[in-house]
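Q: with the input below, show me the fold.
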Amino acid sequence: MQKDRLYRVYWVYVDGMVDYRTQGYVGVTKENVQHRLLEHFRSNRPVGSIIRDLRNNNEIVKVVELFRGSKDEALAKEYEYRPARF
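A: Sure, this is the predicted structure:
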């Protein structure tokens, strides 16, 4: 019997942000959310650049898990939280 993998919906934000639906970054991962934040920080993609810029401006970048479930559930929850790109 194979154990189903749990996926996490997470929010990357800085102090002063209060609404995960319109502020910061929401994503899905099968990794630990702290590990995923580190991957973003090292990434050449736009989110990595934004996170590095925030840290270079002395912002403390935080991450919090919003939801945990199956892959399909997590993707649906991500879409519920962020139906449109900002």
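Q: rest of the way, CA atoms for contacts and neighbours
A: OK.
Q: lowest average confidence, helix or strand, in the chain?
A: helix 46-56 (a mean of 90; mean pLDDT, DSSP states H and E).
Q: by contact count, what packs against that helix?
A: helix 33-42, strand 61-69 (3 or more C-alpha pairs under 8 Å, 6 or more residues apart in numbering; DSSP states H and E).
Q: between it and helix 33-42, how many degrees?
A: 90 degrees (axes from the mean of the first three to the mean of the last three C-alpha atoms, to 10 degrees).
Q: for helix 46-56, list every residue counted as buried.
A: Residues of helix 46-56 classed as buried by neighbour count (16 or more other C-alpha atoms under 10 Å): Val47, Gly48, Ile51, Arg52.
Q: same check, this time on stretch 70-86
A: For stretch 70-86, burial by neighbour count (16+ other C-alpha under 10 Å) applies to Lys71, Glu73, Ala74, Leu75, Lys77, Glu78, Tyr81, Arg82.
Q: contacts for that stretch?
A: 4-9, 20-22, 26-28, 67-68 (C-alpha atoms under 8 Å, 6 or more residues apart in numbering).
Q: mind redoing it with 10 Å?
A: 4-11, 19-30, 66-69 (C-alpha atoms under 10 Å, 6 or more residues apart in numbering).
Q: alright, calling it a day.
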